[in-house]
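*Asks:* Curious how this folds, go ahead:
(one chain, ligands or ions: 1)
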Amino acid sequence: METFGKRLAEAMDKRGRLCVGIDPHAALLARWGLTDDVAGLERFARTVVEALADRVAVLKPQSAFFERFGSRGIQILESTIRQSREAGALVLLDVKRGDIGSTMAAYADAYLDPASPLRADAITVSPYLGVGSLQPAFDVAARHGGGVFVLALTSNPEGPSVQHAVATDKKTVAQNVIDEISLLNKGFEPLGSLGLVIGATIGETGHDLSRVNGPLLAPGLGAQGATASDLRSVFGESLRNVLPSYSREVLTAGPSVAGLRDAADRAADECRAALG
Ligand SMILES: O=C(O)c1cc(=O)[nH]c(=O)n1[C@@H]1O[C@H](COP(=O)(O)O)[C@@H](O)[C@H]1O
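*Replies:* As a prediction, the model looks like this:
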């Protein structure tokens, strides 16, 4: 079985380095002329999958926008994941889970076990119950060739109050998260299967990413104000592992399939130029 790190490296080589979020905000449904209900959600998600699943490396459905509609929304999430994977995209399910170890194992089974209807290729998780509490998710992911992206330095302005806090070992909380994940990714070729989430909005923070040996998801591009040219100052020498991620910037180009493809192509071109 191939690891997620290997599958992601291959997808980025073949399809280019781009992740597009599927975030069906109420405002976007309205902008697309869709109703704010399950039918609108389904049309939105189907359109994004039709436009992009056969060309971008990674699609990232944001679970909250599906959960908003209860069990019928979850059914649409299940089919969105399945159809995206069938069309060849890797699916990173953005659920930002994080709990004590035994509960974390159940979350991981829900999202990474091939027997689950919600099975994705990778998920986002929050490390603020301690990186060690996420170990069951890392184990489930490894067993099934899945990936886990751990929040480290998030794109929102509130993040630094926690993430830049200095721990008893004199390192920041974020640097401890980065170092623990670096250790777990050590030795994997071409890339470890544990990623970090580092917002493209954060500027130069002095955090050391040089030993991560895993993918660095960079949200915050477009709607939150960061541009592809900011990637260099945020990631420095670690640019080669960056996976840029856009949601609204691309999604506002819908509902036209051609419009979505053009917007994704534009984002990919800008990132290619910035990442080298
Ligand atoms: O994990 C994420 O994807 C994430 C982490 C982070 O630090 N910042 C962040 O914006 N995100 C997600 O990335 C998406 C950003 O959407 P746009 O601002 O529309 O591009 C949303 O789904 C956020 O939940």
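
*Asks:* so where's the stretch 101-250 of the chain shaky on pLDDT?
*Replies:* Applying pLDDT under 70 to the stretch 101-250 of the chain picks out no residues at all.

*Asks:* Identify the residue spatially nearest to Asn185, adjacent ones excluded.
*Replies:* Computed as CB to CB, 6 or more residues apart in numbering, the closest residue to Asn185 that is not its neighbour in sequence is Gly192, at 2.8 Å. For the C-beta atoms, the positions are set from N, CA and C on the backbone; glycine is no exception.

*Asks:* For burial, what's the neighbour tally of the one you found?
*Replies:* Per other CB atoms under 10 Å, the neighbour tally for Gly192 reads 24.

*Asks:* my read: it touches Gly5, true?
*Replies:* Yes. Using CB atoms under 8 Å, Gly192 makes contact with Gly5 at a distance of 5.0 Å.

*Asks:* so what sits against both of the two?
*Replies:* Asn185, Gly214 (CB atoms under 8 Å, 6 or more residues apart in numbering).

*Asks:* What's the first helix or strand after the helix or strand harbouring Arg82?
*Replies:* Assigned by DSSP states H and E, Arg82 belongs to helix 70-86. Using DSSP H and E, the helix or strand that directly follows helix 70-86 along the chain is strand 90-97.

*Asks:* number of nearby residues for Ser161?
*Replies:* 8.

*Asks:* Going by neighbour count, which residues in the strand or helix carrying it are buried?
*Replies:* Here Ser161, judged by DSSP H and E, is contained in helix 160-163. Buried residues in helix 160-163, counted by 16 or more other CB atoms under 10 Å: Pro160, Gln163.

*Asks:* what about that helix and the ligand, any contact?
*Replies:* No. Under the criterion of CB under 6 Å from any ligand atom, the ligand is not reached by helix 160-163; the shortest gap measures 9.9 Å.

*Asks:* Gln83 and the ligand, how far apart?
*Replies:* Remark: distance between Gln83 and the ligand (CB to the nearest ligand atom, to the nearest Å) = 19 Å.

*Asks:* Show me what stretch 154-167 is in contact with.
*Replies:* 128, 152-153, 172-174, 176, 197, 199-202, 205, 219-220, 224, 226.

*Asks:* and those near the ligand, which?
*Replies:* Val197, Gly199, Pro219, Gly220, Gln224.

*Asks:* Distance to His25 added to the residues you listed, as TSV?
*Replies:* As requested, those are exported to TSV (distance: CB to CB, whole Å):
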residue	distance to His25
Val197	20
Gly199	19
Pro219	15
Gly220	16
Gln224	13
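
*Asks:* Between all of these, which two are separated the most?
*Replies:* Pairwise distances across these (CB to CB) peak at 13.2 Å, for the pair Val197 and Gln224.

*Asks:* Looking at these two, which has the bigger crowd around it?
*Replies:* Neighbour totals were compared for Val197 and Gln224, and Val197 leads with 26 against 17 (other CB under 10 Å).

*Asks:* pretty sure the more buried one belongs to a helix, no?
*Replies:* No. Secondary structure of Val197 (DSSP: H, G, I helix; E, B strand; the rest coil): strand, not part of a helix.

*Asks:* who's it bridged to?
*Replies:* Using DSSP bridges, the beta-bridge partners of Val197 come out as Leu151, Leu217.

*Asks:* quick one, what contacts it?
*Replies:* Thr124, Phe149, Val150, Leu151, Ala152, Leu153, Thr154, Leu216, Leu217, Pro219.
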